[in-house]
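A.B. asks: coords please:
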Amino acid sequence: MKLEDFDFELLEELIAQTPLEDRTSSRLMIVDSDSGEVTHHTFRDIIEELHEGDCLVLNDTRVLPARLMGVKEETGAHVEILLLKQTSNEDEWETLVKPAKRVKVGTEITFGEGLLKATCTGELDHGGRLFKFNYEGIFYEILDQLGEMPLPPYIREKLDDQDRYQTVFAKERGSAAAPTAGLHFTTDLLDEIRAKGVKVAFLTLHVGLGTFRPVNVETIETHAMHSEFYNLTEETAAIINDTKRNGGRVIAVGTTSTRTLETIAERHDGKIVADSGWTSIFIYPGFEYKAIDGLITNFHLPKSTLVMLVSALTTREIILNAYNIAVQERYRFFSFGDAMFIRPKAQKGN
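C.D. replies: Numbers count the residues shown, from 1 in each chain. Coordinates of the predicted model:
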């Protein structure tokens with residue numbers, strides 16, 4: 001398939017720059033997988049689409065305030081560091097640095113007037129650097145004090161409340177970006193969903209910055225996905241398997257939950273089991289979903305792997321039609337934007 005097959009015209013002013021005050025007040029487009037019918041709602045109406053016996057699966061990853069502003073000890077020049085992932089060596093991280101050309105092996109950088117210090121221990125591709133951090137106390141507490149949220153490149157407004165780029169159920173530290181479909185939920189809404197008889201289960205996938213990288217190939221089958229770490233517990237596997245056994249539907253919240261569940265199903269002959277590891281699964285039309293029935297997701301970038309993933313759950317034509325309607329109806333796009341629910345196919349539903 002061609003990359004151009006997943007293009008649509010998006011107006012820049014539709015890219016949401018700030019979150020709504022009430023998480024559940026965003027708009028919700030419901031797309032029927034079979035007919036392609038599109039209807040318009042408010043996100044709190046999602047409870048009407050969930051049936052007793054269904055299972056809602058959410059990603060409980062927690063975004064690190066991974067953007068650090070420091071100064072070179074030798075010259076006082078300002079340097080920005082973005083933490084990507086911890087290496088096998090204690091207190092050493094892979095990072096992106098701006099300006100990278102000024103940072104060589106041995107360069108020392110100070111943050112927060114000496115509260116945190118780092119020494120460059122290696123150079124990586126694409127401006128990447130390895131840094132060994134030195135500090136007194138607990139690293140993550142210092143990071144909470146000094147770091148800033150690494151907001152996506154298309155968000156240019158400053159975020160006043162950093163918790164608004166976390167889900168209310170965020171727990172496991174390690175993500176470079178939020179699982180944004182989960183941002184629409186509040187604790188109260190989740191309690192209402194549970195009270196309806198819907199099971200709520202959690203998994204972890206730490207979102208990498210690769211999620212923002214554009215696809216640079218003409219034929220999508222040749223695209224190489226980035227790799228991300230996931231974990232699914234025995235408890236969650238049991239909840240999902242019990243749901244399937246009793247005829248319920250598995251509704252994934254976000255493409256990250258989807259990629260985790262489908263990775264596990266592919267690796268274990270269609271079964272959901274407790275598992276952890278790295279996934280670079282690439283889902284596009286022609287892919288046969290084995291784990292999920294429906295999907296709650298945000299509106300994504302033209303020609304992105306995320307648009308390809310949602311297209312695979314129904315058809316490319318249905319999704320692009322829905323996106324064109326979203327543009328016409330001035331839905332808000334991307335991380336702080338509105339939501340879409342791809343309703344499960346009739347033969348899979350209750």
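A.B. asks: Regarding stretch 92-112, how distant is the last residue from the first?
C.D. replies: End-to-end distance for stretch 92-112, by C-alpha to C-alpha, to the nearest Å: 19 Å.
A.B. asks: List the buried residues in it.
C.D. replies: Neighbour counts using 16 or more other C-beta atoms under 10 Å place 92-97, 100, 103, 107-111 of stretch 92-112 among the buried residues. For the C-beta atoms, the positions are set from N, CA and C on the backbone; glycine is no exception.
A.B. asks: For residue 197, give its distance to residue 55.
C.D. replies: Distance, residue 197 to residue 55, by C-beta to C-beta, to the nearest Å: 11 Å.
A.B. asks: what's the burial count for residue 76?
C.D. replies: A total of 8 residues lie near residue 76 under the criterion other C-beta atoms under 10 Å.
A.B. asks: Also the one 10 residues further on?
C.D. replies: Number of residues near residue 86 (other C-beta under 10 Å) recorded here: 14.
A.B. asks: Kindly give the local confidence score, pLDDT, for the closest residue to it other than its chain neighbours.
C.D. replies: Sequence neighbours aside, residue 93 is the residue nearest to residue 86 in space, at 5.5 Å (criterion: C-beta to C-beta, 6 or more residues apart in numbering). Looking at residue 93, its pLDDT stands at 94.
A.B. asks: now do residue 212
C.D. replies: pLDDT for residue 212: 72.
A.B. asks: what stretches of the stretch 251-350 of the chain score poorly on pLDDT?
C.D. replies: Scanning the stretch 251-350 of the chain for pLDDT under 70 picks out 347-350.
A.B. asks: pretty sure residue 132 belongs to a strand, no?
C.D. replies: Yes - according to DSSP: H, G, I helix; E, B strand; the rest coil, residue 132 belongs to a strand.
A.B. asks: Quick one: residues contacting it.
C.D. replies: 89, 91-92, 118-119, 121 (C-beta atoms under 8 Å, 6 or more residues apart in numbering).
A.B. asks: same thing but at 10 Å, please
C.D. replies: 87, 89-93, 117-122 (C-beta atoms under 10 Å, 6 or more residues apart in numbering).
A.B. asks: Of these, which belong to helices?
C.D. replies: Judged by DSSP state H, the subset of those located in helices is empty.
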